[in-house]
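S.K.: pasted the sequence and its predicted model underneath.
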Amino acid sequence: MVSDMGGTDGIRYLLGRVRYHVKFRRAYAREFARLPDRVMFDEAIIPSLASDAEIVEVLDVGCQWYNLHHARHFRGKRYHTIDIEPEQSRYGASRHVVGSFLDARDYYGRGQFDLVLINGVFGWGIDGVEQLEEAMGVLGYLVKGEGVVVVGWNQLGERVPVVPVGELFGEGWEGVDLIGAGSEVLANEDTGHTFSFFRRGGEA
């Protein structure tokens, strides 16, 4: 045990453990980045949206280490992040809110956003019918007329939303092809991870 080690041996042990964990994290990050849904999100969806001059105000829901590069893509735009967990703030944008997406009306204005990214949230925290319906109300409040929402969600496994995403976006929303692959794209056959694209019609 570490407590039995003194001096140089203890330091060597601790350094070895640190190197192991760093090596493990790097290997995990490389494998994670190669997942087909991450490749589609990071190399097709995000760059395409970031290059759209009509998209200025962006809200990214949920902060993780693998989303840090989003701020770089959206440089020059007003890029916001929100996450309910305070410790995730280190992965957030300079315009970051600690809070639940379901309370987003307390933090942002009506029709403020041209784009909302909500990948891995429906089924990963916003789960029940009431929560999903509440989330749709929040999106209706936040997204301006002709604004866009990108939803990443699973069609397989334990994280499937209780209401399919296509059924949530009803009147006032329409599917839109943002990357030349349709309005709904199965990105990972193993997990059923799917990206759905919606545009809000009319005035916000």
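M.R.: All right, it came through fine.
S.K.: in stretch 49-67, which residues are buried?
M.R.: 49, 50, 55, 57, 58, 59, 60, 61, 62, 63, 67 (16 or more other Cβ atoms under 10 Å). Any C-beta I mention is one placed from the backbone N, CA and C, and that applies to glycine too.
S.K.: just the pLDDT for the second one.
M.R.: Looking back up the chat, that one is residue 50. Listed pLDDT for residue 50 reads 94.
S.K.: surely it is in contact with residue 72?
M.R.: No: the criterion here is Cβ atoms under 8 Å, and residue 50 misses it with residue 72 at 9.0 Å.
S.K.: what is the nearest of the buried residues of stretch 49-67 to residue 78?
M.R.: residue 57 (4.8 Å; Cβ to Cβ).
S.K.: tell me where the longest strand sits in the protein.
M.R.: Longest strand in the chain, counting residues (DSSP state E): strand 143-154.
S.K.: next, the buried residues of stretch 129-139.
M.R.: 131, 132, 134, 135, 136, 138, 139.
S.K.: OK, contacts around the last one?
M.R.: This means residue 139. 116, 118, 149 (Cβ atoms under 8 Å, 6 or more residues apart in numbering).
S.K.: run the last query once more with 7 Å
M.R.: 116, 149 (Cβ atoms under 7 Å, 6 or more residues apart in numbering).
S.K.: from here on, call the first residue 42.
M.R.: All right, first residue 42 from here; so that's residue 180.
S.K.: just to revisit the earlier point, restricted to helices, list the buried residues of stretch 170-180.
M.R.: Mapping the buried residues of stretch 170-180 onto helices (DSSP state H) picks out 172, 173, 175, 176, 177, 179, 180.
S.K.: please tell me how far the fourth one sits from residue 98.
M.R.: Pointing back at residue 176 there. 19 Å (Cβ to Cβ, to the nearest Å).
S.K.: do the same with the third one
M.R.: Here residue 175 is placed at a distance of 22 Å from residue 98 (Cβ to Cβ).
S.K.: repeat for the fifth one
M.R.: Shown here: residue 177 relative to residue 98, a distance of 20 Å by Cβ to Cβ.
S.K.: cool, and the first one?
M.R.: For residue 172, the distance to residue 98 under the criterion Cβ to Cβ works out to 25 Å.
S.K.: can you give me the helices for this structure?
M.R.: Per DSSP H, the chain carries helices over the ranges 48-74, 77-81, 87-91, 111-114, 170-183, 206-209.
S.K.: can you tell me the centre-most residue of the chain?
M.R.: The residue lying closest to the centre of the chain (Cα atoms, centre = their mean) is residue 160, at 3.7 Å.
S.K.: residue contacts, that residue?
M.R.: So residue 160 contacts 82, 191, 193 (Cβ under 7 Å, 6+ apart).
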